[in-house]
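A.B. asks: Curious how this folds, go ahead:
(one chain, ligands or ions: 2)
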Amino acid sequence: MIILAIETSCDDTCIAILRIRNSELKILSNVISSQVKLHAKYGGVYPFLAKREHQKNLPAVLKRALNKAGNPKIDLVAVTAGPGLEPCLWTGLNFAKGLARDWDLSIIPVNHIEAHILANFLPKISKISNFKFLISKNIFPAVCLVVSGGHTQLILMENIGRPLFTTYYKILGETRDDAAGECFDKVARILGLGYPGGPIISQLAKSFAGREVVPGRLPRPMIHQRNYDFSFSGLKTAVLYHFKNQSLQMRKSKKYIQQMCNEIQQAVIDVLICKTLRAARDYNAKTIILGGGVAANNELRKQFKEACLKRNLKYLVPPKDFCTDNAAMVAIAAYYHWLRGGTKNWQGIEAKANLRLK
Ligand code: KG4
Ligand code: ZN
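C.D. replies: Residues are numbered from 1 along each chain as shown. Ligands and ions are numbered 1, 2, ... in the order given. Here you go, the predicted model:
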């Protein structure tokens with residue numbers, strides 16, 4: 001069976017082709033056309049510009065994905081139906097509907113958050129994995145943290161299967177305002193660092209690491225509240241005031257910017273780790289699963305690994321390329337839905353900006 005998956009929920013136009021044969025799983029192609037340069041001048045994603053670019057890019061991305069995969073016969077179309085930017089979601093969905101109509105195929109609508117979680121079970125590009133062993137039952141219950149530019153959610157995942165391949169998700173908590181990645185992006189804009197902020201802040205924090213801390217501690221919002229929710233807009237405001245209170249010379253100092261980046265990154269990591277570990281303890285989780293663009297952060301990956309090791313928790317995080325948006329993760333999520341009969345006739349499928357994981 002060969003799945004063609006489309007992802008356009010934010011600013012990346014992505015198409016991937018995944019082959020499942022006997023018990024082998026292989027990514028035949030995984031094409032991503034990034035709009036980062038376009039949105040960089042606005043310091044964030046501009047939805048209608050993103051939609052226009054998706055419309056423009058999709059046919060060429062499809063051609064590249066099919067060519068790379070050796071033009072196989074497609075059996076199933078998968079597409080992200082939400083959550084995300086509604087105009088962008090509809091663009092991908094309408095494109096998927098066109099393909100399903102032309103090729104006489106069914107569509108599997110996929111939840112973007114679930115795709116970020118299941119990215120953990122993708123084989124490496126060009127490698128074949130035996131999918132029977134991809135998801136072992138003894139990782140459950142698991143607490144999943146999905147952290148990206150649009151989302152910050154803690155999710156309890158109780159199983160994937162029984163009856164075969166049914167998923168069980170419960171949203172334990174989420175951000176009440178900005179997502180963690182959005183916080184990095186906005187703070188980077190305040191400090192004049194460019195877009196997307198996450199990778200830039202991570203790089204600058206690394207060049208600071210280990211030296212004296214001058215700027216003072218930033219807040220760790222909601223860290224002591226006994227719930228699983230997050231809030232990052234206060235952190236952004238704290239950075240704004242800190243920055244404004246510095247002399248012009250200090251604001252331009254490389255050392256100050258590096259120190260701030262290190263402190264911002266650590267504040268976000270402290271909150272994410274503390275809340276995730278609390279959920280893991282409260283729900284007797286065996287595993288912590290990370291996903292989403294912010295999970296590409298080296299320091300976050302390292303500190304989560306150490307924390308899990310200390311507490312005897314299993315720890316899963318996708319390779320960095322599968323943390324940020326891609327369509328391979330949409331394909332594997334669609335595959336699990338297909339196994340439990342989740343195909344839909346394409347006419348009735350709708351995109352929803354606030355689609356909830358169930
Ligand atoms: O998952 P993603 O590609 O798109 C959404 O679904 O939102 O995540 C993009 C977000 C951006 O906010 C970006 O700044 C952040 O992920 N990001 C990072 C890193 N790489 C990307 N944040 C921290 N460290 C990184 N290395
Ligand atoms: Zn995403």
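
A.B. asks: List the buried residues for the helix ranked longest in the chain?
C.D. replies: Using DSSP state H, we find that the single longest helix of the chain is helix 254-282. By 16 or more other C-beta atoms under 10 Å, the buried positions in helix 254-282 come out as 256-269, 271-273, 275-280. The C-beta positions use only the backbone N, C-alpha and C, and glycine is treated the same way.

A.B. asks: before we move on, what about stretch 243-253?
C.D. replies: Of the residues in stretch 243-253, those buried (16+ other C-beta under 10 Å) are F243.

A.B. asks: So what touches it?
C.D. replies: With contact meaning C-beta atoms under 8 Å, 6 or more residues apart in numbering, stretch 243-253 is reached by I190, L191, Y256, M260.

A.B. asks: and that stretch, how far apart are its ends?
C.D. replies: End-to-end span of stretch 243-253 (C-alpha to C-alpha, to the nearest Å): 11 Å.

A.B. asks: Check the contacts of stretch 243-253 and tell me the two furthest apart.
C.D. replies: Using C-beta to C-beta, the contacts of stretch 243-253 span at most 12.9 Å, a distance reached by I190 and Y256.

A.B. asks: How about the secondary structure of the residue of the stretch 101-250 of the chain found nearest ligand 1?
C.D. replies: Closest to ligand 1 within the stretch 101-250 of the chain is G198: 2.0 Å, counting by C-beta to the nearest ligand atom. Here G198 is helix, with the state taken from DSSP: H, G, I helix; E, B strand; the rest coil.

A.B. asks: Surely it touches A295?
C.D. replies: No - taking contacts as C-beta atoms under 8 Å, G198 lies outside contact range of A295: 10.1 Å.

A.B. asks: Skip the chain neighbours and tell me the closest residue to I15.
C.D. replies: Spatially, and ignoring its direct neighbours in sequence, I15 is nearest to A65 (4.1 Å; C-beta to C-beta, 6 or more residues apart in numbering).

A.B. asks: distance between the helix or strand containing that neighbour and the chain's centre?
C.D. replies: Here A65, judged by DSSP states H and E, is contained in helix 47-68. Taking C-alpha atoms, centre = their mean, to the nearest Å, one finds the center of helix 47-68 at 20 Å from the center of the full chain.

A.B. asks: what residues does that helix touch?
C.D. replies: Contact partners of helix 47-68, identified using C-beta under 8 Å, 6+ apart, comprise 4, 6, 8, 10-11, 13-17, 28-31, 33, 35, 38-39, 42, 72, 85-88, 90-92, 95, 99.

A.B. asks: which of the residues you listed count as buried?
C.D. replies: 4, 6, 8, 10-11, 13-17, 28-31, 33, 35, 39, 85-88, 90-92, 95, 99.

A.B. asks: Now, the residues you listed that are in helices?
C.D. replies: The helices, defined by DSSP H, take in H39, E86, P87, C88, W90, T91, G92, F95, L99 from these.

A.B. asks: now, which of those sits nearest ligand 2?
C.D. replies: C88 (11.4 Å; C-beta to the ion).

A.B. asks: Can you give me every residue that contacts the closest one?
C.D. replies: By C-beta under 8 Å, 6+ apart, C88 lies in contact with T8, S9, C10, D11, P47, A50, K51, H54.

A.B. asks: Contacts only, for the residue of the stretch 1-150 of the chain found nearest ligand 2.
C.D. replies: Residue of the stretch 1-150 of the chain nearest ligand 2, by C-beta to the ion: S148 (4.2 Å). Contact partners of S148, counting by C-beta under 8 Å, 6+ apart, are H116, A179, A180, G181, G292, G293, V294, T324, D325.

A.B. asks: wait, what's in contact with the second one?
C.D. replies: Yep, that's A179 we're talking about. Contacts of A179 (C-beta under 8 Å, 6+ apart): V147, S148, G149, G150, H151, T152, F232.

A.B. asks: go on, the fourth one?
C.D. replies: By C-beta under 8 Å, 6+ apart, the contact list for G181 reads V147, S148, G149, G150, T152, P196, G197, G198, G292, G293, V294.

A.B. asks: picking up where we left off before, can you put the contacts of stretch 243-253 in JSON lines and add pLDDT?
C.D. replies: Shown next, in JSON lines, are the contacts of stretch 243-253 (pLDDT from 0 to 100):
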{"residue": "I190", "pLDDT": "95"}
{"residue": "L191", "pLDDT": "96"}
{"residue": "Y256", "pLDDT": "92"}
{"residue": "M260", "pLDDT": "94"}
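
A.B. asks: Please name the bridge partners of I288.
C.D. replies: Beta-bridge partners of I288, counted by DSSP bridges, are V143, Y315.

A.B. asks: Can you tell me how far the closest residue in space to I190 that isn't next to it in sequence is from ligand 2?
C.D. replies: Nearest residue to I190, sequence neighbours excluded (C-beta to C-beta, 6+ apart): L240, at 5.3 Å. Distance, L240 to ligand 2, using C-beta to the ion, to the nearest Å: 26 Å.
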